[in-house]
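# below is the sequence, then the predicted model.
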Amino acid sequence: MVAGHATPQPLSPLVQLVWPGKFDAAGHRRTPSVLPSRSRKVLQQAGQDVPSSRLVHADFRIALSTVEPGSVDFVYVDPPFGTDRDHRMSPRRNGRGAHSLHTRPVAYADRWSTPEHLDFLDDLIALSRAVLTEAGTIAVHVDHRASAHVRCLLDEHFGPGRIVNELIWKYGLGNAAATRHFLRKHDTILVYARSNRYYFKRQRGPLTDAQRRKYRHEDERGRYMLSYGKRYDLKGGKPLESVLDIPALGATDGERCGYPTQKPLRLLEVLIESLCPAGGLLLDPCCGSGTAAVAAQRSGRRWLAFDTSDAAIRMSTTRLLAEHASFTVERIG
């Protein structure tokens, strides 16, 4: 136990994932624990305000030693998927800093044995739970490689009854040349709550053509319909469903920054607006290109973003400076 963090206790689900190294010879379960920080250095301070948001160059198991238990409202995790390859930076849309295929720098290496990957995910989920508020939620973003494993781990650490949603992000682009399987066009985002008192704000999509036809009248109060002499005001577009149809970033998209696994801002905006209260604190322990922090900044939330990748910290810093954010850049050993 480090810095006041209670050791997470498994909740003994009926179905449990077992892998080599989860239990020792005596049958004791491995215990994820925050690692003590040997040194902490502020590399940069941006903005005029006293920053409450932090970009930290460190392994999340070390960086979390500086986070108060029960202080985070929403955790978004987009961990390495276990693709067994190196993910390289790509040229930006305007062509500056372009690299050839063989000289593009590695953003991060995603090579694991299965037990190593499961140890990593186990630590990530257990330690994230420890810093959540009682009304907090976690969203773990994975693909077909790890979604079943992550579901079992979330059941174990949060309890099977704590699932809020299994979201499907239908992104449309990519995998068009596949010939030996159906085209893979979605990721899975598993949302679990710390307690039954979790925060949630329903989001609505754009108006449909059917809504425009039905609510065809409009005045200073907005669109409305009349039925038997009674007025009905349009409350907004259709409430968002568990399939989020949000396009991935195309190769020439102006939002693209060159980081290989960058997610669209719209996806993070939907998640943050729905699951993190106004003024709340977001944690992204594997921040990559910094999209979650940028989305939180734009929506008035505070944020904590961690990563071990030099490229991730550089890219996140650049994007957050462009948002005129107030934050510190730290390195924790």
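Structure's in. What do you need? Residues are numbered from 1 along each chain as shown.
# show me the shaky parts of the stretch 51-200 of the chain.
91-102, 174-175 (pLDDT under 70).
# what segments of it are helices?
Ranges of helices in the stretch 51-200 of the chain, per DSSP state H, counting those that start in this stretch, are 60-63, 114-131, 147-158.
# alpha carbons only: can I get the longest one in PDB?
Yep, that's helix 114-131 we're talking about. C-alpha atoms of helix 114-131 as PDB (Å, rounded to 0.1, in the frame of the first residue of the first chain):
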ATOM      1  CA  THR A 114      -0.400 -13.000 -23.000                       C
ATOM      2  CA  PRO A 115       0.400 -13.200 -19.300                       C
ATOM      3  CA  GLU A 116       2.300  -9.900 -19.500                       C
ATOM      4  CA  HIS A 117      -0.600  -8.200 -21.200                       C
ATOM      5  CA  LEU A 118      -3.100  -9.500 -18.700                       C
ATOM      6  CA  ASP A 119      -0.900  -8.400 -15.800                       C
ATOM      7  CA  PHE A 120      -0.800  -4.900 -17.300                       C
ATOM      8  CA  LEU A 121      -4.500  -4.800 -17.800                       C
ATOM      9  CA  ASP A 122      -5.100  -6.200 -14.300                       C
ATOM     10  CA  ASP A 123      -3.000  -3.400 -12.800                       C
ATOM     11  CA  LEU A 124      -4.600  -0.800 -14.900                       C
ATOM     12  CA  ILE A 125      -8.200  -1.700 -14.000                       C
ATOM     13  CA  ALA A 126      -7.500  -2.300 -10.300                       C
ATOM     14  CA  LEU A 127      -5.500   0.800  -9.600                       C
ATOM     15  CA  SER A 128      -7.900   3.000 -11.600                       C
ATOM     16  CA  ARG A 129     -10.700   1.800  -9.500                       C
ATOM     17  CA  ALA A 130      -8.800   2.800  -6.300                       C
ATOM     18  CA  VAL A 131      -8.800   6.500  -7.400                       C
END
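# can you tell me what sits against it?
With Cβ atoms under 8 Å, 6 or more residues apart in numbering as the test, helix 114-131 has contacts from 5-6, 8, 17, 19-22, 30, 32-34, 60-61, 64, 67-72, 75, 77, 79-80, 82, 112, 138, 140, 146, 149-150, 153-154, 157-158, 194, 283, 285-286. (Each C-beta comes from the backbone N, C-alpha and C, glycine too.)
# good, wrapping up.
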